[in-house]
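A.B. asks: Coordinates for the following, if possible.
(chains A and B)
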2 protein chains.
Amino acid sequence: MTPGFAAVDWGTTSFRLWLIDETGAVRGRRSAPTGMGQLGAGEYAPLLEDHLDSLGADPSLPVVIAGMAGARGGWVEAPYADITHGVAGLAASAVRVPHPRRDLRILPGLKQLEPANVMRGEETQIAGFLVDAPEHTGVLCLPGTHTKWVLVEEGRLLRFATAMTGELFALLAKTSVLRHSVGEDGLDDYTFRAAVREAADAPGGPMLPLFGVRANALLHDAGPAEGRSRLSGLLIGAELAATRAYWSGRPVDIIGAPELARNYQIALAVMGTAARQHDAEKLTLAGLKSAFAKMNRRET
Amino acid sequence: MTPGFAAVDWGTTSFRLWLIDETGAVRGRRSAPTGMGQLGAGEYAPLLEDHLDSLGADPSLPVVIAGMAGARGGWVEAPYADITHGVAGLAASAVRVPHPRRDLRILPGLKQLEPANVMRGEETQIAGFLVDAPEHTGVLCLPGTHTKWVLVEEGRLLRFATAMTGELFALLAKTSVLRHSVGEDGLDDYTFRAAVREAADAPGGPMLPLFGVRANALLHDAGPAEGRSRLSGLLIGAELAATRAYWSGRPVDIIGAPELARNYQIALAVMGTAARQHDAEKLTLAGLKSAFAKMNRRET
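C.D. replies: From the prediction side, this is the model:
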């Protein structure tokens, strides 16, 4: 039986912690908007202890952390492992953070040298996905600020790509000239699907269609929900054109927050491709549990 | 002989004024970083008078203004004229701003209903270009925050497109994750050209190549000038892929600030197309003079 531990997903803008007991059940959880983007190196340890204390965790409970806390400029750097090593070796490459009582480790991200690419946090979700499908073949799509597309063959990671779609959406919606024409919520299904198609078919992707979000508001009274749907559809449609070599003709599994994953599922359907949806949080937790189990198997 | 007047280019972020005498010569000039983005409707008139006073302009000197001062939310709205009316009618569609002594007019922008598009300010540069080439056939490229591509046939404007390339560059270089890997100056010619080619050939344009700016810095120690050159090349390359139907097989004339225009000229050369470069300020002034001359011809 595996002992209990604390599983932590510490990203750029958020912190999530789960207390896992020896049966694998979640016994407590905490989350906070304090990520690597807001923290100096010295702030991680006391924050983590506060969260553990607030849940009544044992002072010697082991902790496994995934995500940007392990980036250069984060808490303690956990150097990228090569994608060719796959997710099986993540636990073995984890970096120990010195601590008087706890076994505290940060999992590494993955790198691909050519074309250059990196991920940090998604590798743990992928590991979680592969727990139940160790011989999986297909493509995994992990939408978010930086969407990852990962080619998997018989459980091995072959290659991955990154689209800055979520970050582009936020920048364009909030700080570009398009902000005047993009609302804060609402998704118009017809507009979204039409925009996916438009950008997927456009040479150069979103470069010319984007300004249409503004021009359609000025000349044709397009409303804020329409602008938002169009902007989202244009960026995701262009991303699908860019990643066609990944998703075309392969099983597609989307791992993400439910609403965002659903938008990708709709966009892929526009392109004639079915995709399954998986909850990212559940797979993050499965990946952290799997890493902790491996650490214990290796050492006992 | 045309009387003297003040020519004003009042954009989103800048103000430029030239005093033109009755021979057409520039007798004084002023510029300031006070554009439509910084001003309320009531602030335009006193600012303009201050600038005119500082140059000793006659209190009844006529003024012709082009640019965002005529946008909704600017000083006084000068509604968009339809592109099918061309630049010949801009002077006739100018909107008078009530003034106790001066004849003060704002030139309209141009609109295209389908696909929806608008320009404001560039139409005056185009009019300036056509002064010396009234029967011109070819494509005009006006690079800037929002680059315009305009198809011209025998002096008539057929169609135009907008790429938000300059705004995307600024957002990505200054506020996205790429900011860590993009310097404030320097252009590495080889990197720029390679990036133009890469994005021009990439399905979906910049969607996948962009993150490479960050990943190459993390994994291959790409420096800040290399990052800047790569980001610029990727965006312009994707824009050229998007606008191929405009520039392919036609004479290309670039109207822009010299350094930026030169980058577009290099990028077009990478794509196998020669282009001539023209100074935007000179053509803005030519367009404003032409509009003022037409106003006077019509009314005398």
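
A.B. asks: Mind telling me what element the nearest residue to A:Leu140 once chain neighbours are set aside is part of?
C.D. replies: Nearest residue to A:Leu140, sequence neighbours excluded (Cβ to Cβ, 6 or more residues apart in numbering or on different chains): A:Val150, at 4.5 Å. In this view, the C-beta of every residue, glycine as well, is placed from N, C-alpha and C. Per DSSP states H and E: A:Val150 is located in strand A:147-153.

A.B. asks: In CSV, list the C-alpha atoms belonging to the very next helix or strand once past that strand.
C.D. replies: Where DSSP H and E defines the elements, the next helix or strand beyond strand A:147-153 is strand A:156-163. Taking C-alpha atoms only, strand A:156-163 is exported to CSV below (Å, rounded to 0.1, in the frame of the first residue of the first chain):
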residue,chain,number,x,y,z
ARG,A,156,5.5,6.8,-26.1
LEU,A,157,5.6,10.6,-26.8
LEU,A,158,6.9,11.2,-30.3
ARG,A,159,6.6,14.9,-30.8
PHE,A,160,4.7,18.0,-29.6
ALA,A,161,3.8,21.5,-30.6
THR,A,162,2.6,24.6,-28.8
ALA,A,163,0.0,27.2,-29.9
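
A.B. asks: relative to helix B:165-175, how tilted is whichever helix or strand comes after strand A:156-163?
C.D. replies: Next in sequence after strand A:156-163, counting helices and strands by DSSP H and E, comes helix A:165-175. Inter-element angle recorded for helix A:165-175 and helix B:165-175: 100 degrees (by axes from the mean of the first three to the mean of the last three Cα atoms, to 10 degrees).

A.B. asks: Tell me where the stretch 151-300 of chain A has helices.
C.D. replies: Per DSSP state H, counting those that start in this stretch, the stretch 151-300 of chain A carries helices over the ranges A:165-175, A:189-201, A:212-220, A:224-242, A:244-247, A:258-270, A:280-299.

A.B. asks: So the nearest residue to A:Asp132 once chain neighbours are set aside versus chain B, what's the distance?
C.D. replies: The shortest distance from A:Asp132 to any non-neighbouring residue, by Cβ to Cβ, 6+ apart, is to A:Ala286 (7.7 Å). According to Cβ to the nearest Cβ, to the nearest Å, A:Ala286 and chain B sit 26 Å apart.

A.B. asks: Tell me the residues on the stretch 1-150 of chain A that lie near chain B, please.
C.D. replies: Contact residues (Cβ under 8 Å from any Cβ of the partner chain) of the stretch 1-150 of chain A with chain B: A:Tyr80, A:Lys111, A:Leu113, A:Pro115, A:Ala116, A:Asn117, A:Val118, A:His146.

A.B. asks: just checking, the residue nearest to A:Leu140 touches A:Phe129?
C.D. replies: No - the pair A:Val150 / A:Phe129 is not scored as a contact, 9.5 Å apart, by Cβ atoms under 8 Å.

A.B. asks: if we can go back for a sec, next, count neighbours for the residue nearest to A:Asp132.
C.D. replies: By other Cβ atoms under 10 Å in any protein chain shown, the residues close to A:Ala286 number 20.

A.B. asks: now do A:Ser60
C.D. replies: By other Cβ under 10 Å, 10 other residues sit near A:Ser60.

A.B. asks: ok, the residue lying farthest from the centre of chain A - contacts?
C.D. replies: In chain A, counting by Cα atoms, centre = their mean, A:Leu219 sits farthest out from the average C-alpha position, at 37.6 Å. Shown in contact with A:Leu219 (Cβ atoms under 8 Å, 6 or more residues apart in numbering or on different chains): B:Tyr80, B:Lys111, B:Leu113, B:Ala116, B:Val118.

A.B. asks: what's the answer for A:Leu17, then?
C.D. replies: Contact analysis of A:Leu17 by Cβ under 8 Å, 6+ apart lists A:Ala6, A:Ala7, A:Val8, A:Asp9, A:Arg29, A:Arg30, A:Ser31, A:Leu48, A:His51, A:Leu52, A:Leu55.

A.B. asks: Specify the beta-bridge partners of the nearest residue to the first one once chain neighbours are set aside.
C.D. replies: For A:Ala6, the nearest residue in space outside its immediate sequence neighbours is A:Val63; the separation is 4.5 Å by Cβ to Cβ, 6+ apart. Beta-bridge pairing of A:Val63 under DSSP bridges involves A:Ala6, A:Leu104.

A.B. asks: A:Val63 contacts A:Arg105, correct?
C.D. replies: Yes - with contact defined as Cβ under 8 Å, A:Val63 reaches A:Arg105; the gap is 7.3 Å.

A.B. asks: Can you list the low-confidence ranges for chain A?
C.D. replies: In the predicted model of chain A, residues A:1-2, A:298-300 satisfy pLDDT under 70.

A.B. asks: Domain map for it?
C.D. replies: Split into domains by automatic domain parsing, chain A comes to A:5-120, A:163-279.

A.B. asks: Return the most buried member of the ones you listed.
C.D. replies: Stretch with highest mean neighbour count among the domains of chain A: domain A:163-279 (a mean of 20; mean count of other Cβ atoms under 10 Å in any protein chain shown).

A.B. asks: so how far is the first residue of that one from its last?
C.D. replies: Terminal residues of domain A:163-279 are spaced 20 Å apart (Cα to Cα, to the nearest Å).

A.B. asks: Check the separation of the first and last residues in stretch A:52-65.
C.D. replies: Terminal residues of stretch A:52-65 lie 13 Å apart, using Cα to Cα.

A.B. asks: Can you pull out the residues in contact with it?
C.D. replies: Applying Cβ under 8 Å, 6+ apart, the set of residues contacting stretch A:52-65 from outside is A:3-10, A:17, A:19, A:27-30, A:48, A:75, A:94, A:101-107, A:288, A:291-292, A:295.

A.B. asks: so is A:Arg16 in a helix, a strand, or just coil?
C.D. replies: strand (DSSP: H, G, I helix; E, B strand; the rest coil).

A.B. asks: pretty sure it is touching A:Ala6, no?
C.D. replies: No - taking Cβ under 8 Å as the definition, A:Arg16 is not a contact partner of A:Ala6, at 10.9 Å.

A.B. asks: now the contacts of A:Leu219 as JSON lines including distance to B:Val196?
C.D. replies: Formatted as JSON lines, the contacts of A:Leu219 follow (distance: Cβ to Cβ, whole Å):
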{"residue": "B:Tyr80", "distance to B:Val196": "32"}
{"residue": "B:Lys111", "distance to B:Val196": "31"}
{"residue": "B:Leu113", "distance to B:Val196": "32"}
{"residue": "B:Ala116", "distance to B:Val196": "28"}
{"residue": "B:Val118", "distance to B:Val196": "27"}
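
A.B. asks: Out of those residues, which comes closest to chain A?
C.D. replies: Taking Cβ to the nearest Cβ as the measure, chain A sits nearest to B:Ala116 out of these, at 3.8 Å.

A.B. asks: can you give me phi and psi for that closest one?
C.D. replies: Note on B:Ala116: its backbone torsions stand at phi -60, psi 130 [degrees, to the nearest 10].

A.B. asks: ok, now which ones touch it?
C.D. replies: Each residue near B:Ala116 by Cβ under 8 Å, 6+ apart is listed here: A:Gly212, A:Ala215, A:Asn216, A:Leu218, A:Leu219, A:His220.
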